[in-house]
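J.: when you get a sec, could you give me coordinates for this:
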Amino acid sequence: MKIGKLKKVDIRELWKDEASDFTPWLAKEENIKQLGETIQIELEVIEQEKSVGPFRADILCKSTIDDHYVLIENQLEKTDHTHLGQIMTYAAGLDAVTVVWIAKNFTEEHRATIDWLNRITDEQFNFFGIEIEAYKIGDSLPAPLFQVVSKPNDWSRTIKSAATIQNLSETKALNLEYWTAMKKYFEQHGTFLKHQKPQPQHWTNFALGKSDFHLAAVSSVRDNFLRVEFLIKSNTSKEDFRKLKEKFENLSYEKISPDLIWDELPDKKVSWVYLKKNANVKDKSDWNNQHQWFMETLEKFDKFFRPIIKQI
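T.: Alright, predicted model coming up:
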């Protein structure tokens, strides 16, 4: 068997200019998906060259799991202080809680700065340093590669958060333990679902590939039930709900469950479709069964709703 050898390609051979070449390339669906997989955030592009006062941010995205803003700043050279100042200005001006700085090379000083920002900010803020590279094998087409050089330290942040657990109510502490155990269950059993970081609340969100649409898992300690929800939170949620219901309601009973509930919620901004199951959330010996039901049901919801919301 012959084995090829990787050859590094100068990224300037692929993209001559940041604004006119690299940014439009990155904003394409298949490329922003690759970046999202690298940083483990499902991204949807909102706008290129987003105005922030007299400046322009390269790409503004949303995380489809919770609709928070993700700012991407590109640099096809070694990092410099100018771009560092820009990402901080843009982050403040756009209220972005995740910042992704992409560059050809990161200096040790700028890498250390990203690490420092992740240490001093709370866990809702995230800073990533990404080096962009490209390789080819023989006469193959060059393949871009995103290399993470700095990212949030989830371990240290978890330790920091753990110090506050003793101040949580009994129910909130149980919620946090429940979702943490479910995340571990999902990882052990394998799933394509994008899981939100566990929080001390009775719900957790899952990405669906489009902002204003997502899935949620709900566990009620007080009322003893589990629920999987497909939520529509767009400005046209009622119109979107009616379109989906008219076209896909009958099929959803076949593909997901005949017990599925479609509810427009006319007095609220949100509309939803959900499936509910009775369960004792306090019974830890039953958690594996509950987490299995969540995983199987969420996967059914994802496979059904993800492709059809692209039609809206």
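
J.: and the gap between the residue nearest to residue 125 when sequence neighbours are not counted and residue 132?
T.: Using CB to CB, 6 or more residues apart in numbering and skipping the chain neighbours, the partner closest in space to residue 125 is residue 97 (5.3 Å). C-beta coordinates here come from the backbone N, C-alpha and C atoms, glycine included. The spacing between residue 97 and residue 132, counted by CB to CB, to the nearest Å, is 23 Å.

J.: between those two, which one's more packed in?
T.: Comparing residue 97 with residue 132 by neighbour count (other CB atoms under 10 Å), the higher total belongs to residue 132, at 21 against 18.

J.: contacts only, for that one.
T.: Taking CB atoms under 8 Å, 6 or more residues apart in numbering as the contact definition, residue 132 lies against 11, 76, 102-104, 144-147.

J.: could you confirm it falls within a strand?
T.: Yes - Residue 132: assigned to a strand according to DSSP: H, G, I helix; E, B strand; the rest coil.

J.: is it bridged to anything, and to what?
T.: Taking DSSP bridges, one finds residue 146 as the beta-bridge partners of residue 132.

J.: and the gap between it and residue 119?
T.: Taking CB to CB as the measure, residue 132 falls 25 Å from residue 119.

J.: surely residue 286 is in contact with residue 278?
T.: No - Residue 286 is beyond contact range of residue 278, at 11.3 Å (criterion: CB atoms under 8 Å).

J.: okay, these two: which has more neighbours?
T.: For residue 286 and residue 278, the more surrounded residue by other CB under 10 Å is residue 286, and the numbers stand at 12 against 9.

J.: count the neighbours of the nearest residue to the more buried one once chain neighbours are set aside for me.
T.: Leaving aside its sequence neighbours, residue 286 sits nearest to residue 280 (CB to CB, 6+ apart; 6.3 Å). Neighbouring residues of residue 280 were enumerated by other CB under 10 Å; the total is 13.

J.: what confidence value was assigned to residue 280?
T.: Each residue has a pLDDT score; the one for residue 280 is 97.

J.: go ahead and list the helix or strand containing it.
T.: Residue 280 is located outside every helix and strand, with elements delineated by DSSP states H and E.

J.: stretch 249-264: end-to-end distance?
T.: Distance between the two ends of stretch 249-264: 12 Å, counting by CA to CA, to the nearest Å.

J.: separation between the residue nearest to residue 286 and residue 270?
T.: Look at residue 280 and residue 270: by CB to CB, they are 28 Å apart.

J.: check residue 248 too.
T.: Residue 248 sits 18 Å away from residue 270 when distances are taken as CB to CB.

J.: residue 286 now?
T.: Computed with CB to CB, the distance linking residue 286 and residue 270 is 30 Å.

J.: for residue 205, same thing?
T.: Distance, residue 205 to residue 270, using CB to CB: 13 Å.

J.: which one's more surrounded, the two?
T.: Under the neighbour definition other CB under 10 Å, residue 205 and residue 270 were set side by side, and residue 205 has more, 21 against 16.

J.: how many neighbours does the nearest residue to the more buried one once chain neighbours are set aside have?
T.: Here the nearest residue to residue 205 in space, its sequence neighbours aside, is residue 196; by CB to CB, 6+ apart that works out to 4.5 Å. By the other CB under 10 Å criterion, the neighbourhood of residue 196 contains 18 residues.

J.: same thing with residue 64?
T.: Applying other CB under 10 Å, we find 23 other residues in the vicinity of residue 64.

J.: that one touches residue 206, doesn't it?
T.: No - distance between residue 64 and residue 206: 9.3 Å, which falls outside the contact criterion (CB under 8 Å).

J.: find the residues that touch each one of these two.
T.: Each of residue 214 lies in contact with both residue 64 and residue 206 under the rule CB under 8 Å, 6+ apart.
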